[in-house]
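Undergrad: kindly generate the corresponding structure for this input.
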Amino acid sequence: MIRLLRPLTRAVTYTRWLHLLVGGLVVLAAATIHGVESATARDWLVITLLPIPFVAAVALVPAMRRAEGLQARLMLFPGAHAPEARTGDPGVGPVDPGVSGAPSASWRDRGRTAVWLVVRLELGWGLGVASVQLIGYALALLGTTSEAPDDDGLFLPRPEQAAWSALLLPLPLICLSVLVVAAGGVATAAARSLLGPSPTERLAALEERTEQLLERNRIARELHDSIGHALTVAVVQAGAARAAADPAFTDRALEAIEETGRDALEDLERVLRVLREDAEPAHRRPTLAAADRLLESARTVGAKVDAEVSGPVDDLPGPVSREGYRMLQEALTNVLRHAGPVPVRVRVAVAEDRLTLDVRNALPHRTAPTGRGGSGLRGIRERAVLLGGRASTGPADGEWRVHAELPLR
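TA: Numbering: from 1, shown residues only. Predicted structure coming up:
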């Protein structure tokens, strides 16, 4: 019994009722214009069908779909405060009702909007008539009307005035409750079907979600590359300074740690601005034109970097140059983290249609290479694939090699 009465305790049941009654007012306006004095069954049929062409014509306006979608979201579905609107997981927002709030983008959208308007019109009109009749019948059972049974306008016959007639009062109220809940359920299902996103909108939403995931993945990779590089340099420099026990070397190490940390803080601040949706342009991110600071940072740690840059690096496309910088940064970080201050050969070559990045260093003696690497090396391969290129990491000819090729077109 409690389960059956539960819909009557929900606010959305009554907002659905109101939403449908408002839609049925169009038929009421048609009835007023047509006239209902001595109306026959044929007249009522005309009154019911008369507004349909006009309502369907209104659906041709693209903004009408947006208006109906927003109304349906507000009136037919539980609000964010309602328990049934949530997924049940802490911190998760309301469940998406599956109703579009965008204007019509195609004739198919206009057609679906027209069908929805007709459904709302007729369902609202039928529910409105039933509501008036059942409420009137309940009042008549209470004896609140002085009209004769033949003149009270009620379709259902009512018993003659008697003390026991009030005992029948729950019947029309139960029927009304069932009709309101059922009509609300039908309207909700129709709204999801007819006002739901079109295939184009679903594809656009999917693309937007994919872009968001890619952006979050990119930010995570940048934080890993930048902060990981800074921490690696700091750890190697601190260890070397302690082992050297030379004040001059310690000063140089601290200076290198300070400079690398400052660069990492700048990268962190930029990423935080992106997360705050600040208007930070993409071209502010470091590019291969600033590769010298990476090479110098590795040299200050003690690594002997033999670098050769050929071709117009400054003229590289923005995405290629930015991702190339991060790939070089991660390659150098990987050398310092796993091999220490060893000789490193860096080759950056810009050809007519391709950027080639090659980093080689001696293999560390303390660990056996697996050829797979960690998340940083995996990030290098992922960056290359996203740009349509390819990258390989692993031992080659007695050295550890990171090799990447990125197309420029």
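Undergrad: ok, the closest residue to residue 15 other than its chain neighbours - contacts?
TA: Nearest residue to residue 15, sequence neighbours excluded (Cβ to Cβ, 6 or more residues apart in numbering): residue 75, at 4.6 Å. C-betas here are computed from N, CA, C, even on glycine. Residue 75 sits next to 15, 16, 18, 19 when contact means Cβ atoms under 8 Å, 6 or more residues apart in numbering.
Undergrad: residue 350 too?
TA: So residue 350 contacts 310, 311, 312, 313, 315, 316, 356, 408 (Cβ under 8 Å, 6+ apart).
Undergrad: quick one, what contacts residue 127?
TA: Shown in contact with residue 127 (Cβ under 8 Å, 6+ apart): 17, 20, 21, 24, 179, 180, 183.
Undergrad: which element is it on?
TA: In this assignment (DSSP states H and E), residue 127 forms part of helix 107-141.
Undergrad: which parts of the protein are strands?
TA: Along the chain, the segments classed as strands by DSSP state E run 305-310, 344-350, 354-362, 390-396, 399-407.
Undergrad: of those strands, which is nearest residue 28?
TA: Among the strands of the chain, the nearest to residue 28 by Cβ to Cβ is strand 399-407 (66.2 Å).
Undergrad: report the angle between the closest one and strand 344-350.
TA: Angle, strand 399-407 to strand 344-350, by axes from the mean of the first three to the mean of the last three Cα atoms, to 10 degrees: 10 degrees.
Undergrad: which two of the contacts of residue 75 have the greatest separation?
TA: Based on Cβ to Cβ, the longest span within the contacts of residue 75 runs between 16 and 18 and measures 7.4 Å.
Undergrad: more neighbours, those two?
TA: Between residue 16 and residue 18, residue 16 has the larger neighbour count (other Cβ atoms under 10 Å), namely 26 against 11.
Undergrad: how far off centre is the helix holding residue 127?
TA: How far helix 107-141 lies from its chain's middle: 34 Å, per Cα atoms, centre = their mean, to the nearest Å.
Undergrad: got the buried residues for it?
TA: Within helix 107-141, the residues that count as buried by 16 or more other Cβ atoms under 10 Å are 109-110, 112-131, 133-134, 136-138, 140-141.
Undergrad: check stretch 378-385 too.
TA: 379, 380, 381, 382, 383, 384.
Undergrad: roughly how far does the residue sitting nearest the centre point of the chain sit from residue 382?
TA: Centroid-nearest residue in the chain: residue 209, 5.0 Å away (criterion: Cα atoms, centre = their mean). Distance, residue 209 to residue 382, by Cβ to Cβ, to the nearest Å: 19 Å.
Undergrad: how about the contacts of residue 75 in a markdown table, adding pLDDT and distance to residue 99?
TA: Shown next, in a markdown table, are the contacts of residue 75 (pLDDT from 0 to 100; distance: Cβ to Cβ, whole Å):
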| residue | pLDDT | distance to residue 99 |
| --- | --- | --- |
| 15 | 92 | 14 |
| 16 | 93 | 13 |
| 18 | 93 | 17 |
| 19 | 93 | 12 |
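Undergrad: appreciated, that's everything.
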